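Novice: kindly return the folded structure for what I paste below:
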Amino acid sequence: SSSSFKSPPDVFDAVVSCMSLHWVNDLPGVFSQIRRVLKPDGVFVAAMPGGDTLHELRVAMQLAEQKVWSGVSPRISPMVSVPDLAALLQRAGFRLCTVDVDEITVEYPDIRTLMHHLSGAGESAATLNRSRAALFGRSALDVASEIYADRFPARSSRQQVDGTHSNNSRNAIVATFQ
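Specialist: I've put the predicted structure just below:
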């Protein structure tokens, strides 16, 4: 949070953040605090998922929930768009901002493997006060798996996350990270 920066102003030549800012609820506040602790002409370098990261999973889960329960719940944390990120940095007082986007498409054998990898990386949804009733459920996951495989199938030429090439199984999917 923005209150965790206890340093006096203008003390750091650089601030680096790697794969943690997407969990912050107050990006404008954190960016302002980072700018405050940087020396004049200091540099801020960060890497974070954003934009359309995991849009395929978001679509499949929303359509499955709509079909199974006639409603949707937040399942994937919201991602900041590139234009919004640049605007937030400028608003915090950063000058000469550069925001680059790399898009990486990874093939997974199925939706369950993708979700297992996300969970193993600590990237499960962090929705506060979610009730047990809000859990996704096996029936919705089965529907999401079908929707995902139909709408976002893998191509056999893509390399799978385990380094092998797909045999183009029916449930093989792609996941996009930005």
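Novice: residue closest to the middle of the protein?
Specialist: Centroid-nearest residue in the chain: Pro49, 4.5 Å away (criterion: C-alpha atoms, centre = their mean).
Novice: three-state assignment of it?
Specialist: Here Pro49 is recorded as coil under DSSP: H, G, I helix; E, B strand; the rest coil.
Novice: and the pLDDT for the closest residue to it other than its chain neighbours?
Specialist: Distances taken as C-beta to C-beta, 6 or more residues apart in numbering put His22 closest to Pro49, at 5.3 Å, once the chain neighbours are dropped. Heads up, the C-betas are built off the backbone N, CA and C, glycines and all. With respect to pLDDT, His22 scores 91.
Novice: thought His22 was touching Ala46?
Specialist: No - contact criterion C-beta atoms under 8 Å: His22 and Ala46 do not qualify, at 10.1 Å.
Novice: the helices in the chain, which residues?
Specialist: 27-37, 55-69, 82-91, 111-120, 138-151 (DSSP state H).
Novice: returning to what we had before: got a list of what the residue nearest to Pro49 touches?
Specialist: Counting by C-beta atoms under 8 Å, 6 or more residues apart in numbering, His22 touches Met48, Pro49, Gly50, Ser77, Met79, Val80.
Novice: Thr176: neighbour count?
Specialist: 16 (other C-beta atoms under 10 Å).
Novice: hang on, the earlier thing: and Asp102, which of the helices of the chain is closest to it?
Specialist: helix 82-91 (11.5 Å; C-beta to C-beta).
Novice: from Thr176, how far out is the residue nearest to the centre of the chain?
Specialist: To Thr176, Pro49 is 10 Å away according to C-beta to C-beta, to the nearest Å.
Novice: flag the shaky bits of the chain, pLDDT-wise.
Specialist: 1-4, 126-134, 156-169 (pLDDT under 70).
Novice: can you name the residues that contact the residue lying closest to Tyr108 once chain neighbours are set aside?
Specialist: For Tyr108, ignoring the flanking residues on the chain, the nearest one in space by C-beta to C-beta, 6+ apart is Leu114 at 4.3 Å. By C-beta under 8 Å, 6+ apart, the contact set of Leu114 is Leu57, Tyr108, Ile173, Ala175.
Novice: farthest-apart pair in those, please.
Specialist: So, the contacts of Leu114 by C-beta to C-beta: farthest apart are Leu57 and Tyr108, at 9.9 Å.
Novice: shared neighbours, those two?
Specialist: Leu114, Ala175.
Novice: quick check on the closest residue to Glu65 other than its chain neighbours: phi, psi?
Specialist: Among residues not flanking Glu65 along the chain, Val72 sits closest, at 4.6 Å (C-beta to C-beta, 6+ apart). Main-chain torsions, Val72, degrees, to the nearest 10: phi -130, psi 150.
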